[in-house]
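Undergrad: build the 3D model from these lines:
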Amino acid sequence: MSKILMHLLLPVVWVLALLVWSFFSKNAKTRRIALGSAIFLFLFFSNEWLASRAYKSWEEPVYPISNIHKPYDVAVIMGGFTDAAKQPRDRVYLSTAVDRMMHAVKLYRMGLVKKLIPSGGSGIPGFTEALEAEMVKDVMVNTCLVDSSDILVENRARNTRENALFSAEIIRKHFKNPTVLVFTSAFHCKRTKASFEKIGLNVDVFPVDFRYNDPSFNVEKAMIPSDDAWQMWSLLIHEIVGYFIYKVMAYA
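TA: Modelled structure (predicted):
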């Protein structure tokens, strides 16, 4: 159901539906309304400047490293930045959200984080050949040279709620009254923090992978349609709807 909902939330699907409605409608007024709405939505959702402003209002503000005055006992690295479907599987394929891992490693190197928990199982139903947390551990140990004894792997989670639940199990098993820092994309911070707090684990979030950019007015991004804007809007709409669904389901 979540996969179906994700596709229905894509703005491009809305525009296509309106165009199809306009094409098949026998009523001239209805055709004009549907076509006009499709054009409006096309211009709106292809506007990268507007998309960036929407992210600014939703994303968690940057968290300066200078604000960290004592080391955290453990850091949770939220998954969602590897692609297990790509071939060959003799390497790890990373996405732009890899900042979740890289910033955690940076703070670990600085002595501001003692232990690391990469969290994430398989995002593909029924596929367990490549678990994300295991792949992330491989990168941290073999590429980033993190001591493997400082990594606690959570490899079962398939969504944000399970990231929180299963990571909390590990944390409570290994630590007593720990300080916890969670690394995730800035647009994902609200749902992440609420999910951890819902299960009774107080955490701080360290936002990374910011999508808001260019604070000044940019004529090119405001006037010329951008294919990047479609992806930005799709991701943000999916996250906002996901946050409120978590609230309704009492997951956050």
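Undergrad: now K115: which helix or strand?
TA: In the assignment (DSSP states H and E), K115 maps to strand 113-119.
Undergrad: just want the angle from the next helix or strand after that strand to strand 113-119.
TA: Per DSSP H and E, the first helix or strand lying C-terminal to strand 113-119 is helix 132-142. Relative orientation of helix 132-142 and strand 113-119, computed by axes from the mean of the first three to the mean of the last three CA atoms, to 10 degrees: 140 degrees.
Undergrad: just the helices in the chain please.
TA: For the chain, applying DSSP state H gives helices covering 2-8, 11-24, 28-45, 48-58, 99-109, 132-142, 160-174, 189-198, 219-223, 227-248.
Undergrad: what's the closest of those helices to V76?
TA: Across the helices of the chain, V76 has its closest neighbour in helix 160-174 (4.8 Å, CB to CB). Just so you know, the C-beta spots here come from the backbone N, C-alpha and C atoms, and that holds for glycine as well.
Undergrad: which other helices and strands contact the closest one?
TA: Packed against helix 160-174 by the contact rule (3 or more CB pairs under 8 Å, 6 or more residues apart in numbering; DSSP states H and E) you find strand 72-78, strand 113-119, helix 189-198, helix 227-248.
Undergrad: can you list the buried residues in stretch 206-223?
TA: Neighbour-count burial for stretch 206-223, counted by 16 or more other CB atoms under 10 Å, picks out F206, P207, V208, D209, F210, R211, Y212, K221.
Undergrad: now swap in stretch 152-169 and tell me
TA: Buried residues in stretch 152-169 (16+ other CB under 10 Å): 152-168.
Undergrad: that stretch spans what distance, first to last residue?
TA: 11 Å (CA to CA, to the nearest Å).
Undergrad: what is the mean pLDDT for it?
TA: What stretch 152-169 shows for mean pLDDT is 97.
Undergrad: likewise stretch 213-225?
TA: The average of the pLDDT scores along stretch 213-225 is 76.
Undergrad: ok so, going back, need the helices of the chain in TSV (columns: distance to I77).
TA: Output for the helices of the chain, formatted as TSV (distance: least, CB to CB, whole Å):
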stretch	distance to I77
helix 2-8	22
helix 11-24	30
helix 28-45	31
helix 48-58	21
helix 99-109	5
helix 132-142	7
helix 160-174	9
helix 189-198	11
helix 219-223	31
helix 227-248	18
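Undergrad: so R89 touches A130, yeah?
TA: Yes - between R89 and A130 there is a contact under CB atoms under 8 Å: 6.0 Å.
Undergrad: ok, the two, which is more surrounded?
TA: A130 (19 against 12; other CB atoms under 10 Å).
Undergrad: any stretches of this structure with poor pLDDT?
TA: Flagging of the chain using pLDDT under 70 yields the residue ranges 1-3, 123-129, 214-217.
Undergrad: try 90 this time
TA: 1-9, 83-91, 95-96, 122-130, 212-225, 252 (pLDDT under 90).
Undergrad: could you list the domains of it?
TA: 2-59+226-248, 66-208 (automatic domain parsing).
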